[in-house]
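In: Provide a 3D model corresponding to the input given below.
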Amino acid sequence: MLVEIKGNKLIITADINDLQKLPDSTTGKTLIVFSTHGNIPTACIVNGKPLVVSINAYVKKDKK
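Out: Numbers count the residues shown, from 1 in each chain. Take a look at the predicted model:
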């Protein structure tokens with residue numbers, strides 16, 4: 001994951017999971033496209049401190 005600040009924009013670039021083989025979430029209700037699996041300090045500095053990012057990107061599973 002790459003995190004940058006450009007002007008007043010936070011730009012996050014992340015490699016997503018293989019869309020044909022998305023892993024299940026722990027509850028099994030969603031398919032995980034991308035996750036940081038918690039809070040990640042970045043190289044971006046805001047007010048003298050590292051910016052911390054947490055991302056969960058998912059899609060709901062089809063109901064059977």
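
In: Only C-alpha atoms from now on, for both contacts and neighbour counts.
Out: Noted.

In: quick one, what contacts the closest residue to residue 1 other than its chain neighbours?
Out: In this structure, residue 1 finds its nearest non-sequential neighbour in residue 14, 4.4 Å apart by C-alpha to C-alpha, 6 or more residues apart in numbering. Taking C-alpha atoms under 8 Å, 6 or more residues apart in numbering, we find residue 14 in contact with 1, 2, 34.

In: Against residue 11, how distant is the residue nearest in space to the middle of the chain?
Out: Residue closest to the average C-alpha location in the chain (C-alpha atoms, centre = their mean): residue 55, at 3.2 Å. To residue 11, residue 55 is 13 Å away according to C-alpha to C-alpha, to the nearest Å.

In: How about residue 28?
Out: Note on residue 28: its distance to residue 11, by C-alpha to C-alpha, is 30 Å.

In: Over to residue 25?
Out: Residue 25 is 25 Å from residue 11, by C-alpha to C-alpha.

In: These two: which is more packed in?
Out: Set side by side, residue 25 and residue 11 show more neighbours around residue 25, with 15 against 11, by other C-alpha atoms under 10 Å.

In: Can you get me a residue count around residue 33?
Out: Residue 33 has 19 nearby residues by other C-alpha under 10 Å.

In: To which secondary structure element type does residue 11 belong?
Out: strand (DSSP: H, G, I helix; E, B strand; the rest coil).

In: list the buried ones in stretch 37-54?
Out: Residues of stretch 37-54 classed as buried: residue 51 (neighbour count, 16 or more other C-alpha atoms under 10 Å).

In: how long is it from one end to the other?
Out: Taking C-alpha to C-alpha as the measure, stretch 37-54 stretches 7 Å from start to finish.

In: do stretch 11-29 as well
Out: From start residue to end residue, stretch 11-29 stretches across 29 Å - C-alpha to C-alpha.

In: No further questions, thank you.
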